[in-house]
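J.: Kindly return the folded structure for what I paste below:
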Amino acid sequence: MPVSSGSNLAASPLLTALSHAGGCGRKLAAIELVEMLTTLPTQLDARLLVDASSRDDAAVIDLDRQLALVFSVDFFTPLVDDPRDFGRIAAANALSDIYAMGATPLAALNIVGFPSRTLGDIVLAEILRGGAEVVVQAGAFIAGGHTINDDEPKYGLAVIGLVDPGHMTTNAAGQPGDELFLSKPLGTGAIVTARRHGHLDDELLASAVETMVQLNERAASDALQAGVRAMTDITGYGLLGHLHNLCESSGLAAQLEAEKVPVLAGVQPLLEDEIGISSGTRGNLEWAAGFAEIDESVEPWRARLLADATTSGGLLAAVPQGLVSVLPGWRIGQLQAGKPGAIAVH
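T.: The predicted model follows:
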């Protein structure tokens with residue numbers, strides 16, 4: 001039954017029922033996107049400090065050599081049924097692109113595709129309210145946005161941030177010997193996928209939501225204080241995919257210690273039974289086969305975890321050796337000289 005203005009949210013169809021998959025797992029497959037991007041013309045402008053060529057999380061445009069604008073956009077279909085949680089997760093996810101560049105969020109614009117006749121105004125208001133809460137929490141503001149009618153709900157943000165160009169972090173700045181730190185545990189993709197397949201564990205879903213709505217503001221600040229050179233956030237292409245992009249742009253390889261990668265409680269059986277493996281995760285595994293060598297000693301479920309199509313994951317920071325004692329999170333590997341983009345998992 002459709003919801004109309006003033007009616008109860010409980011009367012609305014489930015958000016996830018209106019999309020065959022949700023969150024960052026809906027990204028176009030990296031193996032296809034990378035090839036397509038190579039066909040586009042190169043944009044040459046001295047003001048453009050970072051563009052898509054390095055597969056970074058955001059673009060950076062120089063203003064006066066002391067200040068630069070950081071631009072990013074991120075939106076997706078519902079991965080949870082609670083409208084406010086959907087908005088909160090989408091906003092935290094979009095803001096992570098700004099934090100990954102070492103920048104401070106300034107303002108955001110809402111991006112909405114919404115079936116108003118099916119879901120009604122109250123549901124949309126809750127989604128926008130949830131997003132605004134997180135943006136305000138980040139010290140930024142919503143300056144407006146754009147909506148269209150769409151049978152499949154979609155929500156996200158275009159975000160602007162500020163950074164000192166001399167202190168921004170990019171995929172291309174890693175150095176041999178940098179230690180890799182991850183700020184959030186993995187497994188949110190597996191949890192929301194299993195939920196779609198009938199694994200109705202409310203406590204497990206709550207843990208995933210709590211992780212996804214957590215801003216990466218503190219993680220970015222701590223990493224910058226520790227002397228981070230390169231940083232990225234972990235989203236739809238999984239840990240392996242995003243680490244590969246960082247390594248390739250930096251001209252380096254990486255060693256990854258699978259057992260040291262943090263995982264949310266309850267995720268292991270979901271990946272062992274494959275109920276938590278999304279189409280996005282399967283695509284990530286297929287892509288990773290071309291650049292990641294996974295040792296036979298690594299348990300299959302852990303290999304799947306490394307490719308988990310994540311939404312609003314943590315920051316992966318490359319920090320110089322000797323400067324990591326103050327950095328919270330988990331040390332999971334190291335950058336090293338080698339074939340650019342190659343990852344050895346043991």
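J.: pLDDT score assigned to P2?
T.: At P2, the model reports a pLDDT of 35.
J.: Next: N8.
T.: Value for N8, per-residue pLDDT: 49.
J.: The stretch 51-200 of the chain: helices as residue ranges?
T.: 83-100, 116-119, 121-137, 188-196 (DSSP state H, counting those that start in this stretch).
J.: name the helices or strands packed onto the third one?
T.: Using 3 or more CB pairs under 8 Å, 6 or more residues apart in numbering; DSSP states H and E, the elements in contact with helix 121-137 are helix 83-100, strand 104-114, strand 141-149, strand 154-163. From N, CA and C alone the C-beta is placed, and that goes for glycine too.
J.: For that helix, the averaged confidence score.
T.: 97.
J.: Any buried residues in it, and which?
T.: Going by neighbour count (16 or more other CB atoms under 10 Å), the buried part of helix 121-137 is I122, V123, L124, E126, I127, L128, G130, G131, A132, V134, V135.
J.: Just give me the closest of the residues you listed to L327.
T.: Nearest to L327 among the buried residues of helix 121-137 is V134, at 24.0 Å by CB to CB.
J.: about what we covered before: out of the helices and strands packed on helix 121-137, flag the one nearest A17.
T.: Comparing the helices and strands packed on helix 121-137 by CB to CB, helix 83-100 comes nearest, at 13.1 Å.
J.: orientation of the closest one relative to helix 121-137 in degrees?
T.: For helix 83-100 against helix 121-137, the angle by axes from the mean of the first three to the mean of the last three CA atoms, to 10 degrees is 30 degrees.
J.: Now helix 83-100: average pLDDT?
T.: For helix 83-100, the per-residue pLDDT averages 97.
J.: A190 against D273, yeah?
T.: No - A190 is beyond contact range of D273, at 10.3 Å (criterion: CB atoms under 8 Å).
J.: Those two: which is more packed in?
T.: Neighbour tally, A190 and D273, criterion other CB atoms under 10 Å: the higher count belongs to A190, 32 against 13.
J.: Who are the contact partners of that one?
T.: Remark: with contacts taken as CB atoms under 8 Å, 6 or more residues apart in numbering, A190 is in contact with V267, L270, L271, G276, I277, S278, T281, R304, L305, D308.
J.: Cross these against helices and list the overlap.
T.: Applying DSSP state H to the contacts of A190, the entries found in helices are L270, L271, T281, R304, L305.
J.: per-residue pLDDT, the third one?
T.: Spelled out, it's T281. 95.
J.: Could you find the closest non-adjacent residue to it?
T.: Of all residues beyond its chain neighbours, the one nearest T281 is A309 (4.7 Å), with distances taken as CB to CB, 6 or more residues apart in numbering.
J.: go on, the first one?
T.: Of all residues not flanking L270 in the chain, G276 sits nearest, at 3.1 Å (CB to CB, 6+ apart).
J.: The one you found contacts R195, doesn't it?
T.: No - here G276 does not reach R195: they are 9.0 Å apart, not a contact under CB under 8 Å.
J.: More neighbours: these two, which one.
T.: More crowded of G276 and R195, by other CB under 10 Å: G276, with 28 against 23.
J.: List phi and psi for that one.
T.: When read as degrees, to the nearest 10, the backbone of G276 gives phi -100, psi 10.
J.: what sits against it?
T.: For G276, the contact set (CB under 8 Å, 6+ apart) comprises G187, G189, A190, I191, T193, A194, H197, H199, V267, L270, D308.
J.: now the fifth one: how far from R65?
T.: Right, the one you point to is T193. Distance of T193 to R65, given as CB to CB, to the nearest Å: 45 Å.
J.: between those two, who's got more neighbours?
T.: Taking other CB under 10 Å, T193 and R65 do not tie; T193 has more neighbours (27 against 9).
J.: Surely that one is in contact with D273?
T.: No - with contact defined as CB under 8 Å, T193 does not count as touching D273 (11.6 Å).
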